[in-house]
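**Q** output the structure for:
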Amino acid sequence: MPSLSQLYRPQSFADITGQAHISETLRKELATGRLGHAYLFSGPRGVGKTTTARIFAKALNCVDLREGEPCTLCPPCLAFQTGSAVDVIELDAATHTGLDTVRESIIEHARFAPMMGRRKVYVLDEAHMLSTASWNALLKTLEEPPAHAFFILATTEVHKVPATIVSRCQRFEFRRIDDAALSIRLEEIAKAQQWQAEKEVIRLIVSRSEGCLRDAETLLGQLGALWESRLTLELAHLVIPPSRLPQAAELMIAWVNKQHEVSLVCVQCLFDQGVPLLPLVDDLLLIIKKLLLVIATPSLVETWKQGVEEERCLLPLVGAFTPLELNDTALLLMERRRDMKAGVDPLFALQLASTVVACRDGRSASVTPQPIIETAPEVTPLPSVPSQAPSSVDIQFVRAKWNATIRAVEEKNHSLPFILKISRPELVDGDTIFIRFQYAFHRDKVITDLKNRRLVEEALRETLQVPTLKIEGMIGEEQTTTEVRSQDVVSNVLKAFGGTVVE
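**A** Purely as a prediction, here's the structure:
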């Protein structure tokens, strides 16, 4: 039985999903007759490179083109669709890499006129697998091709294609297919198959496919193979392996809260449950990648709130790490991942990483057991304010109403509350409330951004019923808090790995 990818393979440029920038260009070239002789299709796997090449090959021999689209009814089109088109030669370079094959199947073969259509079309899939000798032999043919010969090279690794070849081709970059286009395509296929697929199922498949249509169609086909007319989320979980992203997110939340012991217990529990730790590290790296992406594109928060569980579980982590911290954590995890691959005990390697991240005091530095550090923390100086200005509201009242203020902000902005929840109103001077942030990035996000600043000020004025309130920001911690945390860092490391402090 053919797969869904084969059963619903597009037959025209209009049917191609998510690659309009390419299909429209090719269609216009065909409509105007301004054609090249060599084309290079590059991009991720499963996004339509080979499918587009086949449609283009069919159109090149179609005798009744309709604005660049193959008619699908003429003899050359019908021959192609039934697999009997002798003038379209498709080769898989992964299994035909040798010089002799290229010479016989392409170079010598291209000299002869087509047998049925007007043109001979050579589709070379996974072209980057060709040997150096094969590329050198093919170069001359690409430089001076016969008038009837056309070449389409498809590859997932364009950097392996020699520059001399690339320079002689029209190059087209295929993109990963966006979630909306993938969803529409899956819904169309499900409807054609008379399957009632729940929205959650479609979202789950899309999230696992990462822009690859072939993967999405394969997962949908696996669900359909269960012979159920209604595709539910419960049914999908029988076929699609559960994501470990929620467990990875829980571990990162322990890191955010500086809960060293909790993080070690979390890692041990996952290990005891049989969760493979190397893939778990990959999930942690994936979360970091997504958190960096949401910093650049805050609107993703809304998408995650409407998404599947593995997206919703990331919401508490938004804004919890600075970009530099995410970078340092990713580098650390990559090092521990290499250690795991080299034979180091995965449990111990991940516990080491957890110790460093959970005990990191807002600074990117290695933690070494030693007496309490005497260095004073970096604290942003307060802006100049009158030292004796009467306060319009009590600081304890501000703190008591802080959660209500955060809820008021959340009604209009879904990313700021994550920062405000780990911040604290520190003092009130006149009409100004000073908020202490853990990181400079958080302070800048709330205080420097005028739109966000007004939003928080309006929420405070509404919650506290004081119409003249303003906010300012400060970062760092009080000296006593820093000393306690430094002591905690030392005791946590000693407790985890044994040993004593040597004066």
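**Q** pLDDT below threshold where in this structure?
**A** Low-confidence segments of the chain, defined by pLDDT under 70: 1, 361-390, 476-503.
**Q** what sits against the residue most central in space within it?
**A** Against the mean C-alpha coordinate of the chain, by Cα atoms, centre = their mean, the closest residue is K290 at 5.9 Å. By Cβ atoms under 8 Å, 6 or more residues apart in numbering, the residues touching K290 are L300, L314. C-betas here are computed from N, CA, C, even on glycine.
**Q** please determine how far it is located from L284.
**A** Using Cβ to Cβ, to the nearest Å, we find K290 at a distance of 11 Å from L284.
**Q** would you mind measuring from S392 to F434?
**A** S392 sits 13 Å away from F434, taking Cβ to Cβ as the criterion.
**Q** who touches both of these two?
**A** With Cβ under 8 Å, 6+ apart applied, the overlap between the contact sets of S392 and F434 consists of V428.
**Q** would you mark the buried spots in the helix or strand where C266 lies?
**A** When elements are defined using DSSP states H and E, C266 is found to belong to helix 260-272. Buried residues in helix 260-272, defined by neighbour count with 16 or more other Cβ atoms under 10 Å: H260, V262, S263, L264, C266, V267, L270, F271.
**Q** make JSON lines out of those and add distance to H96.
**A** Formatted as JSON lines, the buried residues of helix 260-272 follow (distance: Cβ to Cβ, whole Å):
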{"residue": "H260", "distance to H96": "56"}
{"residue": "V262", "distance to H96": "56"}
{"residue": "S263", "distance to H96": "52"}
{"residue": "L264", "distance to H96": "53"}
{"residue": "C266", "distance to H96": "50"}
{"residue": "V267", "distance to H96": "48"}
{"residue": "L270", "distance to H96": "45"}
{"residue": "F271", "distance to H96": "46"}
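**Q** out of the residues you listed, which is nearest to F151?
**A** L270 (51.0 Å; Cβ to Cβ).
**Q** quick check: nearest residue in space to that closest one, chain neighbours excluded?
**A** The spatially closest residue to L270, leaving aside those adjacent along the chain, is Q247, at 5.8 Å (Cβ to Cβ, 6 or more residues apart in numbering).
**Q** next one: L220 relative to P246, how far apart?
**A** Between L220 and P246 the distance, using Cβ to Cβ, works out to 23 Å.
**Q** among those two, which residue is more densely surrounded?
**A** Here L220 and P246 are set side by side on neighbour count (other Cβ atoms under 10 Å), and the busier one is L220, at 27 against 14.
**Q** show me what the helix or strand hosting the more buried one is packed against.
**A** Taking DSSP H and E as the definition, L220 sits inside helix 213-224. Contact analysis of helix 213-224 by 3 or more Cβ pairs under 8 Å, 6 or more residues apart in numbering; DSSP states H and E lists helix 4-7, helix 179-192, helix 199-209, helix 233-239 as its packing neighbours.
**Q** between these, which gets nearest to Q306?
**A** The closest of the helices and strands packed on helix 213-224 to Q306 is helix 199-209. By Cβ to Cβ, the value is 8.3 Å.
**Q** CA atoms of that closest one as CSV?
**A** Extracted C-alpha coordinates of helix 199-209, given in CSV (Å, rounded to 0.1, in the frame of the first residue of the first chain):
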residue,chain,number,x,y,z
LYS,A,199,-7.0,19.9,16.2
GLU,A,200,-4.7,18.8,19.1
VAL,A,201,-3.6,15.8,17.0
ILE,A,202,-2.7,18.0,14.1
ARG,A,203,-0.8,20.4,16.4
LEU,A,204,1.1,17.5,17.9
ILE,A,205,2.1,16.1,14.5
VAL,A,206,3.2,19.5,13.3
SER,A,207,5.3,20.2,16.5
ARG,A,208,7.1,16.9,16.0
SER,A,209,7.7,17.4,12.3
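**Q** so which elements touch it?
**A** In this structure, helix 199-209 makes packing contacts with helix 179-192, helix 213-224, helix 233-239, judged by 3+ Cβ pairs under 8 Å, 6+ apart.
**Q** now those helices as a markdown table including distance to T297?
**A** Conversion of these to a markdown table gives the following (distance: least, Cβ to Cβ, whole Å):
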| stretch | distance to T297 |
| --- | --- |
| helix 179-192 | 13 |
| helix 213-224 | 22 |
| helix 233-239 | 27 |
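**Q** which strand or helix spans E228?
**A** Judged by DSSP H and E, E228 forms part of no helix or strand.
**Q** what sits against the nearest residue to it once chain neighbours are set aside?
**A** Sequence neighbours aside, L235 is the residue nearest to E228 in space, at 5.9 Å (criterion: Cβ to Cβ, 6+ apart). Contact analysis of L235 by Cβ under 8 Å, 6+ apart lists V201, L223, L226, E228.
**Q** of those residues, which pair is most distant in space?
**A** Top of the distance list for the contacts of L235 (Cβ to Cβ): V201 and L226, 12.0 Å.
**Q** neighbour-wise, which of the two wins?
**A** Relative neighbour count places V201 above the other of V201 and L226, with 26 against 11, counting by other Cβ under 10 Å.
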